[in-house]
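# predicted coordinates and the sequence they were generated for:
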Amino acid sequence: MVSVAAAYEDLAQVRGYVADRGVDYPVLLGDDALVRQFRVEAFPTVYFLDAEGRIKGSTTGYTTTAGLLWRLLL
């Protein structure tokens with residue numbers, strides 16, 4: 001699991017969110033160019049990658065862990 005923060009005002013905002021929620025996985029910083037490149041139209045957008053790192057699917061909106069696992073099986 002890796003997260004990319006792309007809609008933030010400053011690094012302190014991202015650090016505060018990560019600390020407040022106990023995020024224990026890497027959080028990378030993105031920008032408008034990355035959002036355009038990946039055609040992100042809503043937050044959050046989740047991408048499912050295969051073992052070679054190719055995008056195999058995506059979904060938008062908040063979901064549960066069970067919901068993410070279900071989508072992986074599709």
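On my side now, so go ahead.
# in the top helix by length along the chain, what's buried?
Under DSSP state H, the helix in the chain containing the largest number of residues is helix 11-21. Within helix 11-21, the residues that qualify as buried are 14, 18, counting by 16 or more other Cβ atoms under 10 Å. Placement of C-beta: from N, CA and C, glycine included.
# quick check, distance from the helix or strand just after it to the centre of its chain.
Of the helices and strands lying after helix 11-21 in sequence (DSSP states H and E), the nearest is strand 27-29. The chain centroid and the centroid of strand 27-29 are separated by 9 Å under Cα atoms, centre = their mean, to the nearest Å.
# can you show me the helices along this protein?
Going by DSSP H, the chain shows helices at 11-21, 32-37, 65-73.
# can I get these in JSON lines including distance to D50 and mean pLDDT?
Supplementary listing: these in JSON lines, determined by distance: least, Cβ to Cβ, whole Å; pLDDT from 0 to 100:
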{"stretch": "helix 11-21", "distance to D50": "27", "mean pLDDT": "94"}
{"stretch": "helix 32-37", "distance to D50": "19", "mean pLDDT": "91"}
{"stretch": "helix 65-73", "distance to D50": "11", "mean pLDDT": "76"}
